[in-house]
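> got a structure for you, letters missing:
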């Protein structure tokens, strides 16, 4: 793998596991679907749009291929498996700018990541549903349900809460979490910070590009499988490489790729 | 706090591998599943734990001491509680591929499969030959025996159950394996490694069972075909330990709508006319942040591991197991980073084989330079369990830490669950692989749904299938 560093090689491409975290119905899935957009209908899985999607992000010197993991609802009763965080190199912690409790929950997830995930994981804090605030413009389209949709399919009971928020939005600025408060927290913890609208697309691609840029070159070289920092499957280890097995060849075929940035 | 639905098709208790596979499959098939574990982690008895948790679990800690500290970062350790490996052509592999759970996991080969001959200082260890060619080169047999073994393995390779022409004139469905061995004139030592390290029988009971020959042949074929798939050994193993397997199937279940609640006690099982009708449960505090949440929900069926229904389970035997931390590979195994080593019972004067399953940093289960070997067997007496495992310890050489608890009871359900609609799994048995676990999965699925489990094309079919 050391060849990838040499100067005349083609632009290196690396896979990055990115995990989504945040309270139910803040728009985690819809952010991803906006980012990956072209594959929404093709996905056959009934309860949730995105369980495992991939999307490439092309930077000037390298290409990052995000493997994006959705919580699949396992966060609801604090039952996410360690496997979820395993080797994640990036995390998107999402809250809803119209719902202060969702920021509290986001802080909990950040703490959880700092405890459980690989050291050096890039964490982006994202305040979603900007379209429901005056900053987001475009409130005339009202509904705002678009970004809650995939979540509410999966978390039927959350759907009701979503409706209420939408009502507020129609009457004007529904923002309940100030940009300053969230920025302050993000700076303290060393997180990337964005406010987005999955519905209108505002800042969505920017989040992923920023994450791609923030991932240190050094962690990319090792790639997936060594993120835990123990380096067992390290580079020159011949036996480590040739004994790895690929059980399902159809894995390659199911990966959905596109280019959004 | 989110609401629990008023009713589920199935409540699953325990997040061991058997329960998680069933939960995943049932969710994919469109059942509304609530999956609960009293522990705050996935896996139950099939979990992998870090080294601090292991020291604490086995009580190898004196007050005020933190002996795990000399073993590096505790989270670099993922130590299996169950010593099992996957057959690369086995049923669990098939289920993993058919359900696409392979997307969440990475697998590596186990580097070698070995068998011991003789005992004490004179014991030899050799690679298990996996085909006729390897039989000819094996140090396990003398010259003439190699030829007989080659013939036998060639015959096994060509064997077709429905084709009497391939049965060598044996009445294959009625005869014993002894008759088959006799037919090929195999020596006792050869029968030993064939039956124990290829067919993977833990005792010699199979030899004289009428009609068991076909199963034995199929088991040898599974070994040979698994070996042929990747080359080094018939076994594969998930990076980060076996505990990843239940987590992977739990994720599958969740993706198809399964609801997960760890850290939740079942307070009461509710019945109507002798059949299960619901549960009362309490989700416990976690980090003292939220109050315990009590809830009640209806369900038509319960699937559970035996620990949730002790009165509906019986003990069938006791497993002895010692988890050993080494800082060197096992002698005479070509410095392999991972092995399965079987000590057939007759070689050391026992009735049950001793298994050694060893993995290492190559599988991301411990820091570099360490090896985790689990020595296990079925208990044969009540006296000195350490002594029963001794031939295994001898093989390991110098041991840094040894974790050994009391004999582990193996449970199975007392009934098939039809009357109560409560379907209970078996404990993870003494076999070295997951084939019996997937047999149990299939059996439970059949009992719980009245249908055969067909995993091939499961995810593609599930929207069409409404039979």
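Here it is on my side, so go on. These figures come from a predicted structure and were not determined experimentally. Numbers count the residues shown, from 1 in each chain, chains lettered A, B, ... in the order given.
> Where is the longest helix in chain B?
Using DSSP state H, we find that the single longest helix of chain B is helix B:213-230.
> Reduced to three states, what does residue B:331 come out as?
Using DSSP: H, G, I helix; E, B strand; the rest coil, the structure places residue B:331 in coil.
> Can you pull the residues of the stretch 101-250 of chain B lying near chain A?
Within reach of chain A by C-beta under 8 Å from any C-beta of the partner chain, the stretch 101-250 of chain B has these residues: B:102-109, B:111, B:230, B:232, B:236, B:239-240, B:244, B:247-248, B:250. Every residue, glycine included, has its C-beta placed from N, CA and C.
> Out of those, list just those in strands.
B:107, B:108, B:109, B:236 (DSSP state E).
> so where's the stretch 1-150 of chain B shaky on pLDDT?
Across the stretch 1-150 of chain B, the ranges flagged by pLDDT under 70 are B:1-2.
> Strands of that one, residue ranges please.
B:7-13, B:33-36, B:48-49, B:79-80, B:86-87, B:107-109, B:112-117, B:124-127 (DSSP state E, counting those that start in this stretch).
> List the buried residues of the longest helix of chain B.
B:213-214, B:216-217, B:219-227, B:230 (16 or more other C-beta atoms under 10 Å in any protein chain shown).
> Next one: the closest residue to residue A:201 other than its chain neighbours from residue B:91, what distance?
The spatially closest residue to residue A:201, leaving aside those adjacent along the chain, is residue A:34, at 5.8 Å (C-beta to C-beta, 6 or more residues apart in numbering or on different chains). Remark: distance between residue A:34 and residue B:91 (C-beta to C-beta, to the nearest Å) = 40 Å.
> Report the angle between the helix or strand hosting residue B:153 and helix B:213-230.
In the assignment (DSSP states H and E), residue B:153 maps to helix B:143-158. In terms of direction (axes from the mean of the first three to the mean of the last three C-alpha atoms, to 10 degrees), helix B:143-158 departs from helix B:213-230 by 90 degrees.
> Quick one: residues in contact with helix B:143-158.
Residues outside helix B:143-158 that contact it (C-beta atoms under 8 Å, 6 or more residues apart in numbering or on different chains) are B:129, B:131-133, B:135-136, B:138, B:141, B:166, B:168, B:184-187, B:190, B:194, B:217, B:220-221, B:224.
> change it to 6 Å
B:132, B:135, B:136, B:141, B:166, B:184, B:185, B:186, B:187, B:190, B:217, B:220 (C-beta atoms under 6 Å, 6 or more residues apart in numbering or on different chains).
> How many residues are close by residue 209?
Since no chain was named, I'll use chain A. 16 (other C-beta atoms under 10 Å in any protein chain shown).
> sorry, should have said chain B
13.
> Pull the number of nearby residues for the closest residue to it other than its chain neighbours.
Take residue B:209 and drop its neighbours on the chain: the residue closest to it by C-beta to C-beta, 6+ apart is residue B:176, 6.2 Å away. Counted with other C-beta under 10 Å, the neighbours of residue B:176 add up to 18.
> what do you get for residue B:200?
21.
> Check residue B:397 too.
12.
> Helices of chain B, residue ranges please.
Using DSSP H, helices in chain B cover B:17-28, B:51-58, B:91-98, B:132-137, B:143-158, B:177-184, B:188-193, B:213-230, B:244-255, B:385-396, B:435-449, B:458-461.
> List the contacts of residue B:299.
B:8, B:11, B:278.
> from memory the first one sits against residue B:32, does it?
Right, the one you point to is residue B:8. Yes - the pair residue B:8 / residue B:32 is scored as a contact, 5.0 Å apart, by C-beta atoms under 6 Å.
> any residues in contact with both of those two?
In contact with both residue B:8 and residue B:32: no residue, using C-beta under 6 Å, 6+ apart.
> about what we covered before: looking at the buried residues of helix B:213-230, spot the one nearest residue B:306.
residue B:219 (26.0 Å; C-beta to C-beta).
> For the closest one, which non-adjacent residue is spatially closest?
Closest to residue B:219 by C-beta to C-beta, 6+ apart is residue B:199, at 4.0 Å.
> What about the one you found, how many residues nearby?
21.
> Same question for residue B:294.
Neighbour number of residue B:294 under other C-beta under 10 Å is 11.
> Now do the helix or strand containing residue A:185, average pLDDT.
Remark: residue A:185 resides in helix A:179-189, with elements defined by DSSP H and E. Helix A:179-189 carries an average pLDDT of 96.
> of residue B:8 and residue B:32, who's got more company?
residue B:8 (23 against 17).
> now that one: how far from residue B:170?
Taking C-beta to C-beta, one finds residue B:8 at 51 Å from residue B:170.
> Same check on residue B:70?
Separation of residue B:70 from residue B:170 (C-beta to C-beta): 58 Å.
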